[in-house]
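Asker: Quick one, what's the 3D model for this:
(chains A, B, C, D, E and F)
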Number of protein chains: 4
Amino acid sequence: MTHKSKRHADPALVEARRTQVLDAAADCFRRKGYHGAGMAEIARTAGMSAGHIYNYFESKEAIIESIIEQDMQEMFSIFQEFEEQPGDILTILLGSLHKGVQRHMDTGACVIDLDMMAEAARNNKVATLLHEADTQARDRMRQLLISDRSLLKSHSEQELDSRINVIFSMMAGLFLRKMLYPELTEETVLIALRPAMKTLLMPFEVHDEVL
Amino acid sequence: MTHKSKRHADPALVEARRTQVLDAAADCFRRKGYHGAGMAEIARTAGMSAGHIYNYFESKEAIIESIIEQDMQEMFSIFQEFEEQPGDILTILLGSLHKGVQRHMDTGACVIDLDMMAEAARNNKVATLLHEADTQARDRMRQLLISDRSLLKSHSEQELDSRINVIFSMMAGLFLRKMLYPELTEETVLIALRPAMKTLLMPFEVHDEVL
Amino acid sequence: MTHKSKRHADPALVEARRTQVLDAAADCFRRKGYHGAGMAEIARTAGMSAGHIYNYFESKEAIIESIIEQDMQEMFSIFQEFEEQPGDILTILLGSLHKGVQRHMDTGACVIDLDMMAEAARNNKVATLLHEADTQARDRMRQLLISDRSLLKSHSEQELDSRINVIFSMMAGLFLRKMLYPELTEETVLIALRPAMKTLLMPFEVHDEVL
Amino acid sequence: MTHKSKRHADPALVEARRTQVLDAAADCFRRKGYHGAGMAEIARTAGMSAGHIYNYFESKEAIIESIIEQDMQEMFSIFQEFEEQPGDILTILLGSLHKGVQRHMDTGACVIDLDMMAEAARNNKVATLLHEADTQARDRMRQLLISDRSLLKSHSEQELDSRINVIFSMMAGLFLRKMLYPELTEETVLIALRPAMKTLLMPFEVHDEVL
DNA sequence: GATGAATGAGCATTCATTCAT
DNA sequence: CATGAATGAATGCTCATTCAT
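Answerer: Numbering: from 1, shown residues only, chains lettered A, B, ... in the order given. Below is the predicted model:
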């Protein structure tokens, strides 16, 4: 997955250059999209020649794959925070909700996600990476929900899976909303999102089952 | 928007050919993506020459625009159904929830939506069409929620807007879930989705505000 | 040269249709140029289908060739006028000069001429037709200049050839002037053109030879 | 107008490549015309790939624009010569007449001019460039004709304008003559051209006005 | 390590021409 | 006689990738 082909003398320099390219690429993808951004522009942004990039990445595809790996790291650290925070899960997650909304309504970041998903539909490597990241994310979430600090600790696996997926769906869907309806604000979203999230983090009331 | 350019003798043939192209294009876009599918391939799939397509569509862009319009029509007819169904809104929407889930977890259809969104980020015409479609969808939804048959008829505009967007977010997000986690079933999703949807269609409880 | 291929029942209708096409084509070429005008547009202007044109002309090229033949006829009739007018040649030609200027500064007509010349550079058939037309034009002009009513009747062949070519050059060049300098008026041109033409139609003064 | 787009390390190489392309393009345009010559052929003639041309020229249009600019430079240097030569204008211009004839009867060069004119009829940028070049040429000519060394220094603007345009018409028209009548020699042309030019560079005789 | 000159396959689109009806 | 649906080769141009220096 990581720098397979070329032989490099100085691993530190290699990592620095890779970061340089990754940052530049993320910036370009944000502004122009994955297909809209050319290698020439990425190279210019990274402050190196187009050809040189190929000493650190096998292809343009390999760049977006690396970015996905980076994003996975970020996601892990978010779950890390949740896990380290004291208090019950419901309070923690609702307390962090506004930050989650913020992250999922940041159009800059979202455009890349959109491109990554679209790419995943056709590109197996990307699909696999995203799938892996998602599997881990669901797992971390599951750990959270079955911990002693959660109100859902003794629920069935399937119900947990459902809750997790609906939560993720609701959050990830926000960037679609923001794209189609840019006037939508985080504050507005939170009005209904908080109760919905609360529902998803608490045992369902009995008469729910009736419906 | 609708076939302005060429003069055609037989309107039935025109419609047949347009459908032929639209179907072929949808198929190709599904498999290769909007940018990945070439006109040559679309033509081959449609069983006609590449040049001939231009007798029915001004450009490749016009094809995806037509597909968007088709989708809009479908969406309208869904809202039409809701409006025509007797009973209270909550019951109607919860009753149709499984159909909505089914539709939003159909990866075939959704992959095109993904491409359209990605295209919208770069292509103004597409963005405008999607924005229009969404505006109308939100409006229809709002009409539903403020009707006499709804429990939310006297809520504030902002709260309604929030509910609508969270509902749409949750539903639209499902196809992202299905893409990242193909094993996810509609039944599983419904377990948590129904209570969440119920929350979003009913007045919030007072102590929600405390959180 | 004229309608070789297809068998037609009614020769009168054929000629009517050919004229229809020729007129339409001339109009389109004037507005859009030879390459700019498409067969579809010519067909529309002629009030018939594109395919039908091919029953009367082998190709687009054949159309411009026919137009050239038409123009040749016009040119002949102009010389006919000169030949039939009473009086000396100098007076006749100077008297008609304003009409010649008018014709050669008509941008509509000139654009076609330009295209025909450009086409001639690459297309042998067109080149041959234009060459033939020109040969005949020079010949008619020569007949005029050696007639009893001319001041140049006993000049050498080479000098006559020179005069004719310079006269034609000066007149034909006017449309290049009009294209590059559209504000140029016929009146302005005539101020210097008349004396120059007079020089070209009268014996040169002796001391001219000195220069 | 002058290579704005790409960053290049070696300006000498850039100039060499540009020249290479310009020469190849001129050659192709001569043989096939501006529209007839494809980028592929130009590239092959220039000994480089089609894509590479775009590192030196923004478009095919930019190539012909560069050729026009080149021609403009040549024209300027011709007027420069006239301005720097000692003696009266009449003598200078008549003395250079044979060179002018030579240049305007060089079919190779002129065929491109023809294409440029034809292109100008449809392409605004080309039209503007040619118009500018012509405006400057007329201006330089006018300066020549109103200098102390000219016999026309005190003539009216309109008459000067007329003389200049007729002179240009006569000269530019020569290449049309050469195209239609390739046997025409420079010597033959000069026989009548010289007296006509002389007329155009000297005050008209009084009885001219009578005609 | 680093450059950027060079490649060439690929793209959407146009249009003269053909031919079944 | 007449149509217009259909073709397909050709066009200008882009861009990820390679490689001599």
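Asker: which residues of chain A fall in helices?
Answerer: A:11-32, A:39-46, A:50-53, A:60-84, A:89-104, A:107-120, A:124-145, A:157-180, A:186-201 (DSSP state H).
Asker: With distance to C:Met48 and mean pLDDT added, can I get those in a markdown table?
Answerer: Heads up, the C-betas are built off the backbone N, CA and C, glycines and all. Shown next, in a markdown table, are the helices of chain A (distance: least, Cβ to Cβ, whole Å; pLDDT from 0 to 100):
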| stretch | distance to C:Met48 | mean pLDDT |
| --- | --- | --- |
| helix A:11-32 | 49 | 93 |
| helix A:39-46 | 51 | 96 |
| helix A:50-53 | 55 | 96 |
| helix A:60-84 | 52 | 93 |
| helix A:89-104 | 61 | 96 |
| helix A:107-120 | 48 | 89 |
| helix A:124-145 | 55 | 94 |
| helix A:157-180 | 49 | 97 |
| helix A:186-201 | 62 | 97 |
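Asker: And the ones you listed: which comes nearest D:Gln143?
Answerer: Among those, helix A:39-46 comes nearest to D:Gln143, with 47.2 Å by Cβ to Cβ.
Asker: does the closest one come close to chain B?
Answerer: No - judged by Cβ under 8 Å from any Cβ of the partner chain, helix A:39-46 makes no contact with chain B; its nearest approach is 14.1 Å.
Asker: Check stretch A:168-186 too.
Answerer: Yes - counting by Cβ under 8 Å from any Cβ, chain B has neighbours in stretch A:168-186: A:168-174, A:176-177, A:179-181, A:184.
Asker: Domain map for chain A?
Answerer: With automatic domain parsing as the criterion, the domains of chain A are listed as A:1-58, A:60-210.
Asker: Please identify the most buried of those.
Answerer: Compared across those, domain A:60-210 shows the largest average neighbour count, a mean of 18 (mean count of other Cβ atoms under 10 Å in any protein chain shown).
Asker: picking that back up, biggest separation within the residues of stretch A:168-186 next to chain B, which pair?
Answerer: A:Phe168 and A:Tyr181 (20.5 Å).
Asker: how about the CA coordinates for stretch A:39-50, as PDB?
Answerer: Only the C-alpha atoms of stretch A:39-50 are listed here, as PDB (Å, rounded to 0.1, in the frame of the first residue of the first chain):
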ATOM      1  CA  MET A  39      -1.200  16.400 -12.400                       C
ATOM      2  CA  ALA A  40       0.400  19.600 -13.600                       C
ATOM      3  CA  GLU A  41      -1.600  21.700 -11.200                       C
ATOM      4  CA  ILE A  42      -0.900  19.300  -8.300                       C
ATOM      5  CA  ALA A  43       2.800  19.500  -9.100                       C
ATOM      6  CA  ARG A  44       2.700  23.300  -9.200                       C
ATOM      7  CA  THR A  45       0.900  23.400  -5.900                       C
ATOM      8  CA  ALA A  46       3.300  21.000  -4.400                       C
ATOM      9  CA  GLY A  47       6.200  23.000  -5.700                       C
ATOM     10  CA  MET A  48       7.800  20.200  -7.700                       C
ATOM     11  CA  SER A  49       7.800  19.000 -11.200                       C
ATOM     12  CA  ALA A  50       5.000  16.800 -12.600                       C
END
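Asker: Tell me how far that stretch lies from the chain's centre.
Answerer: From the chain centre to the centre of stretch A:39-50 is a distance of 26 Å (Cα atoms, centre = their mean, to the nearest Å).
Asker: got the contact list for it?
Answerer: A:17, A:20-21, A:23-25, A:27-28, A:32, A:52-53, A:60, A:63 (Cβ atoms under 8 Å, 6 or more residues apart in numbering or on different chains).
Asker: Which residue does chain A have closest to chain B?
Answerer: A:Gly173 (2.8 Å; Cβ to the nearest Cβ).
Asker: which residue packs closest to that residue, ignoring adjacent ones?
Answerer: Leaving aside its sequence neighbours, A:Gly173 sits nearest to B:Gly173 (Cβ to Cβ, 6 or more residues apart in numbering or on different chains; 2.8 Å).
Asker: my guess is the one you found meets A:Ile167, correct?
Answerer: No - counting by Cβ atoms under 8 Å, B:Gly173 sits too far from A:Ile167 to count as a contact (9.6 Å).
Asker: contacting residues around the closest residue to A:Thr107 other than its chain neighbours?
Answerer: In space, and not counting its chain neighbours, A:Thr107 is closest to A:Lys178: 5.8 Å by Cβ to Cβ, 6+ apart. The contact partners of A:Lys178, taken as Cβ under 8 Å, 6+ apart, are A:His104, A:Met105, A:Thr107, A:Cys110, A:Leu184.
Asker: Show me which pair in these is furthest apart.
Answerer: For these, with distances taken as Cβ to Cβ, the pair at the greatest spread is A:Cys110 and A:Leu184 (12.5 Å).
Asker: in chain A, what residue is nearest DNA strand F?
Answerer: In chain A, no residue comes nearer to DNA strand F than A:Gly51, which is 3.0 Å away by Cβ to the nearest atom of the strand.
Asker: so what's that residue up against?
Answerer: A:Gly51 neighbours (Cβ under 8 Å, 6+ apart): none.
Asker: circling back: dump the residues of stretch A:168-186 next to chain B to CSV, plus distance to DNA strand E.
Answerer: Below are the residues of stretch A:168-186 next to chain B laid out as CSV (distance: Cβ to the nearest atom of the strand, whole Å):
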residue, distance to DNA strand E
A:Phe168, 34
A:Ser169, 32
A:Met170, 35
A:Met171, 34
A:Ala172, 29
A:Gly173, 29
A:Leu174, 31
A:Leu176, 25
A:Arg177, 30
A:Met179, 23
A:Leu180, 25
A:Tyr181, 28
A:Leu184, 32
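Asker: any idea which of these is closest to C:Ser156?
Answerer: Once Cβ to Cβ is applied, the member of those that ends up nearest C:Ser156 is A:Met179, at 84.6 Å.
Asker: Up against DNA strand E, what does chain A have?
Answerer: Residues of chain A lying close to DNA strand E by Cβ under 7 Å from any atom of the strand are A:6, A:8-10, A:13-14, A:17, A:48-52, A:55.
Asker: Which one of these is nearest to chain C?
Answerer: If you rank the residues of chain A next to DNA strand E by distance to chain C using Cβ to the nearest Cβ, A:Ala50 comes first, at 37.7 Å.
Asker: distance of that closest one from D:Arg17?
Answerer: 18 Å (Cβ to Cβ, to the nearest Å).
Asker: Equivalent analysis for A:Pro195, please.
Answerer: In this view, A:Pro195 and D:Arg17 are 66 Å apart by Cβ to Cβ.
Asker: From the chain's centroid, how far away is stretch A:193-205?
Answerer: 22 Å.
Asker: Stretch A:40-57 now?
Answerer: 25 Å.
Asker: what's the span of that stretch from first residue to last?
Answerer: End-to-end span of stretch A:40-57 (Cα to Cα, to the nearest Å): 14 Å.
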